[in-house]
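>>> just the structure for this:
(2 chains)
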There are 2 protein chains.
Amino acid sequence: MPNTMMRLQQVSSQVAATVSDAATTAATKPVSHPSMQAAHPLTLVPGPVEFTDEVLQAMATPSESHVSTQFVHVFADALALLRQLFFNTNTAAQPFAIAGAGTLGWDFVAANLIEPGEDVLVLTTGFFADSLADCITVYGGVPTQLRAPLGDIVPFDAIEAALKEKKYKAVTITHVDTSTGVLSDVPAISALVRRVSPETLVIVDGVCSVGVEEIRFDDWDLDLVLTAPQKAIGVPAGLSIFIASGRALEAVRTRKAPCTSYYASIPKWLPVMQAYESRKAAYFSTPPVQNIHALRASLEQILATPLEGRFAAHAHTSNRIKAAIADMGLKQVAVREGARAHGMTAVYLPENITPAQFLPLVAAKNIVLAGGLHKDIATKYFRIGHMGVSAIGEARDDFDQALAAIKDALDALKA
Amino acid sequence: MPNTMMRLQQVSSQVAATVSDAATTAATKPVSHPSMQAAHPLTLVPGPVEFTDEVLQAMATPSESHVSTQFVHVFADALALLRQLFFNTNTAAQPFAIAGAGTLGWDFVAANLIEPGEDVLVLTTGFFADSLADCITVYGGVPTQLRAPLGDIVPFDAIEAALKEKKYKAVTITHVDTSTGVLSDVPAISALVRRVSPETLVIVDGVCSVGVEEIRFDDWDLDLVLTAPQKAIGVPAGLSIFIASGRALEAVRTRKAPCTSYYASIPKWLPVMQAYESRKAAYFSTPPVQNIHALRASLEQILATPLEGRFAAHAHTSNRIKAAIADMGLKQVAVREGARAHGMTAVYLPENITPAQFLPLVAAKNIVLAGGLHKDIATKYFRIGHMGVSAIGEARDDFDQALAAIKDALDALKA
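Residues are numbered from 1 along each chain as shown, chains lettered A, B, ... in the order given. So this is what the prediction gives:
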């Protein structure tokens, strides 16, 4: 159901809306959303994003048994829709949706695709690749980080040289590093890997990219893309979502050592996902029924129109925000034109203005932005998330409000 | 959504809206039932259970940043309430609530409390201890299973003999095994361990017990109790919940080898939980904001009256169901009086009647029960969950309906 439908209709049913004391205090006036949600500050961070009414309604689905026919169909639909989200039609690949978080996706990679002692080339464009390298180490893999200059991408020649120097079991790419807003060129890197080291698995951390940046899983010959729901998929946090290629699943099947995680075990979950997708129940651990309902609801909204339009609409909003930021004399952390995320912007504050001064002034206008995350510059910048309904919803003025709040805060601090 | 008729009252098509803060709700009115939820089959399985309206409303909380002041207070409240749920006042212990599932709690145990090569005594009263032993093995621990006869508890003298034979790093107890309905005597076993092997950690799988069976974490000198939200805590699946003692945390701190999981790492999560509980934000992985809201909402309802009353009310419902089952000539899987769960009942079907015949007839009356799970008897029994609002909510007739449906189904199959 298109999310505009809900807004245009005056539906009698209301989304459950718990207004906490803090929200009531902060929101001195109702935020002008054309939604049925209670007044609340606009969350414009790089995840969690604002959710549609239908997604929140799905989160409040009355109880269902996780093995009921009713729920089995919901889960099957969600998995089928995930394939569409990844432009995947090759059934050798398998999508997964498991109770957890984006971070848990790294455990799935490190404990299943990498065997102890195997080398992994980690392309590092910010904070999150450091954490991924840490995760690989925990499970006995050996990460080699290729570090981009701060705000930039890893040069292709450096990747090619590294791949020629040593045999890597996998290369990991952070599609969008949420700490810097740098966008990596996934299809180009994947093509490079296939040319230079064809057996190396190509793994994409798509936490801040899936649903806003184009990802063609089959065409780009990727092996695993992991993500989280609370970013451009527009679903509350609480899931680890990923899709694994036939090549990746074969690598798991032919491991010499058993998988080194119990919960984050592809061998345990694969038959469960296959069963649900074929509309049969299976059990390893109780799935999060309501979150899966919400995933289906959001994917139905996202996929009701061609994804290309969604990507273009996000790019349009992103360009507008980046232009407005430049007009205010502010610089982005992501330095390279063409290597900047379309769902978030990381912005340096003027000298002598800190996030601790700036963010509360913006929050006073009911706009929630995020502070810095990259340790080298954490006190010098802030981040705006522009994914999902805030970025591309019809009849929304979230970024009119946000840009005005940013400008007012800066003016006040410079005065 | 299927339009199966269920409740007699016809209410609006979605969860009722705009109830204020759950705290106010819990304080000013008892759990409101019959509920405002859409008509749906009654889910009376040993988890997920039926949820209160307030819990479902909390699941639909509009977006909040996971590091917002607003959410920090919600998380802090939830953690403080978890301490109350476990009768915990010793601040050397720490409760945790993490995106995941009950099963993930086993990874937390096996990857943090047990070092590779260490022995663990696993008291086995059903299917779930087998899985726990499997999990321990994945992380390099060495489980020794003490198996109870089917439907019975592990004899104390066998536990004592085992503890005297070898030094165990930990003993694990499945408080209620959801596959059999057997209730283990946690305080007696804990006292036995402290007497015979005082340094051995006492770990309780409380997945089907926390919130329905008495658990006094401090008084019983336990080291870790893990659970899932969708049972007697009355919150949708999607969280791994546990509390670890000071002794357990010290064992993690003084490990010789690093923790063998990345996501299920107590060292990673401990500072995050400590920060949120002291009402400050911290980041390791994005918490599931809506699920934490729901956890707080349910714990506020549960703890609005003394827990002793909650346990007594569940026991009353359990006794009534078990008596009715006996009146129908059916036998329980849990053979021992005094060692039967109060939140579920596992019931043998008459000879020549299978769950595949029986459950659909019950479901036709909009009552969802569960099939068998223990592999030795899976086709011979069914399970009823009687936890939370269905079991103890005011003005509910869930088990009048369920018992009538069970009787009618049996009569039809015998006819």
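>>> okay, CA-based contacts and neighbour counts for the rest of this
Will do.
>>> now do the longest helix along chain A, average pLDDT.
In chain A, with assignment by DSSP state H, the single longest helix is helix A:307-327. Throughout helix A:307-327, pLDDT has a mean value of 98.
>>> buried residues in that helix, which are they?
For helix A:307-327, a neighbour-count test (16 or more other C-alpha atoms under 10 Å in any protein chain shown) marks A:L307, A:R310, A:F311, A:A312, A:A313, A:H314, A:A315, A:T317, A:S318, A:I321, A:K322, A:I325 as buried.
>>> buried ones in stretch A:83-100?
By 16+ other C-alpha under 10 Å, the buried positions in stretch A:83-100 come out as A:83-88, A:93-100.
>>> mind listing the helices in the stretch 251-400 of chain A by residue range?
Using DSSP state H, counting those that start in this stretch, the helices found in the stretch 251-400 of chain A span residues A:266-277, A:289-302, A:307-327, A:355-363, A:389-392, A:398-414.
>>> okay, the ones you listed, which one's buried deepest?
helix A:289-302 (a mean of 26; mean count of other C-alpha atoms under 10 Å in any protein chain shown).
>>> quick check, pLDDT for the closest residue to A:A244 other than its chain neighbours.
Closest residue in space to A:A244, ignoring its immediate chain neighbours: A:L224 at 4.4 Å, by C-alpha to C-alpha, 6 or more residues apart in numbering or on different chains. We note a pLDDT of 98 for A:L224 in this prediction.
>>> re earlier: looking at the buried residues of stretch A:83-100, which are in strands?
A:Q94, A:P95, A:F96, A:A97, A:I98, A:A99 (DSSP state E).
>>> and A:D134, how far is that from A:F128?
Using C-alpha to C-alpha, to the nearest Å, A:D134 is found at 10 Å from A:F128.
>>> of those two, which one has the most company?
The neighbour count for A:D134 versus A:F128, taken as other C-alpha atoms under 10 Å in any protein chain shown, is higher for A:F128 (21 against 17).
>>> and A:T125, what does it touch?
A:R147, A:A148, A:P149, A:L150, A:G151, A:D152, A:I153, A:V154, A:T174, A:D177, A:T180, A:V182 (C-alpha atoms under 8 Å, 6 or more residues apart in numbering or on different chains).
>>> again, 7 Å this time
With contacts defined as C-alpha atoms under 7 Å, 6 or more residues apart in numbering or on different chains, A:T125 is in contact with A:R147, A:A148, A:D152, A:I153, A:D177, A:V182.
>>> any idea how far it lies from A:S240?
22 Å.
>>> flag the shaky bits of the stretch 51-200 of chain A, pLDDT-wise.
Per-residue confidence for the stretch 51-200 of chain A (pLDDT under 70) gives no ranges below the cut-off.
>>> so what's whichever residue of it sits closest to chain B closest to, chain neighbours aside?
Taking C-alpha to the nearest C-alpha, chain B has its nearest neighbour within the stretch 51-200 of chain A at A:G100, 4.1 Å off. Spatial nearest neighbour of A:G100, chain neighbours left out: B:G100 (4.1 Å); criterion: C-alpha to C-alpha, 6+ apart.
>>> tell me who's in contact with the one you found.
So B:G100 contacts A:A99, A:G100, B:G238, B:L239, B:S240 (C-alpha under 7 Å, 6+ apart).
>>> if we can go back for a sec, now, the contacts of A:T125 that are in strands?
Using DSSP E, the contacts of A:T125 in strands are A:R147, A:D177, A:V182.
>>> got a quick ChimeraX command for the buried subset of those residues?
Selection of the buried residues among those in ChimeraX, burial being defined by 16+ other C-alpha under 10 Å:
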select /A:147,177,182
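>>> turn the ones in strands among the contacts of A:T125 into a markdown table, columns for distance to chain B.
What follows is the ones in strands among the contacts of A:T125, written out as a markdown table (distance: C-alpha to the nearest C-alpha, whole Å):
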| residue | distance to chain B |
| --- | --- |
| A:R147 | 22 |
| A:D177 | 14 |
| A:V182 | 20 |
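>>> go through the ones in strands among the contacts of A:T125 and name the one nearest A:D53.
Comparing those against A:D53 with C-alpha to C-alpha places A:D177 closest, at 28.4 Å.
>>> show me what contacts the nearest residue to the closest one once chain neighbours are set aside?
Nearest non-adjacent residue to A:D177, counting by C-alpha to C-alpha, 6+ apart: A:G126, 5.7 Å away. A:G126 makes contacts with A:D177, A:S179, A:T180, A:H374, as judged by C-alpha under 7 Å, 6+ apart.
>>> give me phi/psi at A:E250?
A:E250 adopts backbone torsions of phi -70, psi -40, taken as degrees, to the nearest 10.
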